[in-house]
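J.: Fold the stuff below for me.
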Amino acid sequence: MQTVVCSKPGNARKLELRIRLFCRNVLLDHWTHRSDSAFWLTCILKPWPMVNQARLLYIIFGPVAPQDGQVVWQKMIEEPADEPSLKGLADAIKLLYDTGTKGWTADDVISLVDELSVVPHEWLLENNAHLLILSGNSICFTFMASKAVNGRAIELAKLIVFLALVCEKELYCMDWAVKMTRKVCKVFSTTVERNNFLQSVANAFAYVIMEMLQSVMSGDHDEDDRSFLNLFHLVHAQANFHKEVLCLTMNNTLST
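T.: A predicted model of the protein is given here:
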């Protein structure tokens, strides 16, 4: 473990795989009770600083290559990840958050999620959003509320755009994304702050759409079809997100 957490990711691939297989097959996966798995995961992670905890979490639960089972380090950075690639990480995060394991506070788990999103470098925001969705409502809200109270409303607005995009692409309920946004709005203490945040969400949709459009029109990428499909999904995500907002607003207005 000392070697893999201190080496450049991927430099010790066989050792990474041995650690993953030992931790999963011997210490973590065979327990009947989640609290036992959480205990052993805590024993594995807690001796290390947060940055190394995130690295180990990725080694143990991150995506692997189908041909040899080795950890795929670039996946979260280079392309949108599918649900199976993220599910192991999300389940591990939920395990630490939900079981009330000694030594872990909600802030610890949120910090771990934050640190994980830059392993080995900054993830695509879509993969961040997808991980949060798979991690469950409590973790997703706590993570977003933390950004709200720490004055990171612009970051939060962009994250909401990608939550909507993931909901659209994965056929998750868009109503969930709107309700989560509404819940986060209540974290802001004044009407002015809430209105500014909602304006930021609208602006973020426009900004990300223009960014994707520019990428498609530049024609510099081999994956133009993928870029166009992503833009297609985002336009539909914006339409469906705002449809849910309008329904929520109109229903509330008409019922008063």
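J.: Okay, buried residues for the helix or strand bottoming out on mean pLDDT in the chain please.
T.: Within the chain, no helix or strand scores below helix 224-254, which has a mean of 86 by mean pLDDT, DSSP states H and E. Buried positions in helix 224-254, judged by neighbour count with 16 or more other CB atoms under 10 Å: 227, 230-231, 233-234, 237-238, 240-242, 244-245. For the C-beta atoms, the positions are set from N, CA and C on the backbone; glycine is no exception.
J.: what residue ranges in the chain are flagged as low confidence?
T.: Low-confidence segments of the chain (pLDDT under 70): 100, 219-224, 254-256.
J.: Tell me which stretches of it form helices.
T.: Counting by DSSP state H, the chain has helices at residues 2-6, 13-22, 34-45, 50-61, 75-78, 83-98, 106-116, 125-135, 137-149, 153-170, 174-185, 191-218, 224-254.
J.: possible to save the ones you listed as CSV with distance to Asp68?
T.: What follows is the helices of the chain, written out as CSV (distance: least, CB to CB, whole Å):
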stretch, distance to Asp68
helix 2-6, 17
helix 13-22, 8
helix 34-45, 23
helix 50-61, 15
helix 75-78, 15
helix 83-98, 16
helix 106-116, 23
helix 125-135, 22
helix 137-149, 31
helix 153-170, 28
helix 174-185, 37
helix 191-218, 32
helix 224-254, 25
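J.: Would you mind telling me which of the ones you listed is nearest Gly69?
T.: Closest to Gly69 of those is helix 13-22 (CB to CB; 6.1 Å).
J.: so Asn240 sits right up against Asp175, yeah?
T.: No - between Asn240 and Asp175 there is no contact under CB atoms under 8 Å: 9.3 Å.
J.: got a list of what the residue lying closest to Trp104 once chain neighbours are set aside touches?
T.: The shortest distance from Trp104 to any non-neighbouring residue, by CB to CB, 6 or more residues apart in numbering, is to Leu96 (5.1 Å). Residues near Leu96 by CB atoms under 8 Å, 6 or more residues apart in numbering: 38, 41-42, 104, 108-109, 112.
J.: if you set the cut-off to 10 Å instead, what comes out?
T.: Shown in contact with Leu96 (CB atoms under 10 Å, 6 or more residues apart in numbering): 37-38, 41-42, 45, 57, 103-104, 106, 108-109, 112-113, 139.
J.: just Arg194 next, same as before
T.: The contact partners of Arg194, taken as CB under 10 Å, 6+ apart, are 148, 153, 184-188.
J.: ok, now Gln67?
T.: Residues counted as contacts of Gln67 (CB under 10 Å, 6+ apart): none.
J.: burial of Glu126, as a residue count?
T.: 22 (other CB atoms under 10 Å).
J.: same question but for Lys179, I mixed them up
T.: Look at Lys179: counted by other CB under 10 Å, it has 14 neighbours.
J.: what sits against it?
T.: 137, 173, 244, 248.
J.: Mind doing that once more with 8 Å?
T.: If you count contacts by CB under 8 Å, 6+ apart, Lys179 has none.
J.: can you check the one 10 residues further on too?
T.: By CB under 8 Å, 6+ apart, Ser189 lies in contact with nothing.
J.: Report the separation between it and Gly151.
T.: Applying CB to CB, to the nearest Å, the value for Ser189 to Gly151 is 12 Å.
J.: Count the residues that sit near Asn128.
T.: Using other CB under 10 Å, Asn128 has 24 neighbouring residues.
J.: so what's it closest to, chain neighbours aside?
T.: Ser117 (5.0 Å).
J.: distance of the one you found from Ile110?
T.: As judged by CB to CB, Ser117 and Ile110 stand 11 Å apart.
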